[in-house]
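Peer 1: Could you look at this predicted model? Sequence included:
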Amino acid sequence: MSAQLMFAVFGLSGIASGFFAGLFGIGGGLIMVPALVYAFNSTGIPPDHVVTMALGTSMPRSFSLPRTALTVIIAKEVRRSRRSAVRFPGLSPEF
């Protein structure tokens, strides 16, 4: 598989993963892992390691997204509490 075709496969699978995750709420791994298995098989990686590498490549994305979402949620709630839109008696300091 040429480098250009591999980049196209990765790009299109990333776009499809984001689209279907946003539209249906499915995990991106449902699309990314089969695309990575296809790409890794095409590059000549030993078949015994292909699925393990695909899952390992897809896994860090699953751990980074919840942290990012949690950071955004906390920042949003701090902003709301500063505007006194939401009150947390006993939990948040008075701003």
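Peer 2: Here it is on my side, so go on.
Peer 1: Name the residues of whichever strand or helix holds residue 13 that come out as buried.
Peer 2: Assessed by DSSP states H and E, residue 13 sits inside helix 3-24. Of the residues in helix 3-24, 9, 13, 17, 21 count as buried by neighbour count, 16 or more other Cβ atoms under 10 Å. C-betas here are computed from N, CA, C, even on glycine.
Peer 1: nearest to residue 72, of those residues?
Peer 2: For residue 72, the closest of the buried residues of helix 3-24 turns out to be residue 21, at 16.3 Å, with distances computed as Cβ to Cβ.
Peer 1: For the closest one, which non-adjacent residue is closest in space?
Peer 2: Counting by Cβ to Cβ, 6 or more residues apart in numbering, residue 21 lies nearest to residue 28, which is 5.1 Å off, once chain neighbours are set aside.
Peer 1: Now do the contacts for the one you found.
Peer 2: 17, 18, 20, 21, 58, 61 (Cβ atoms under 8 Å, 6 or more residues apart in numbering).
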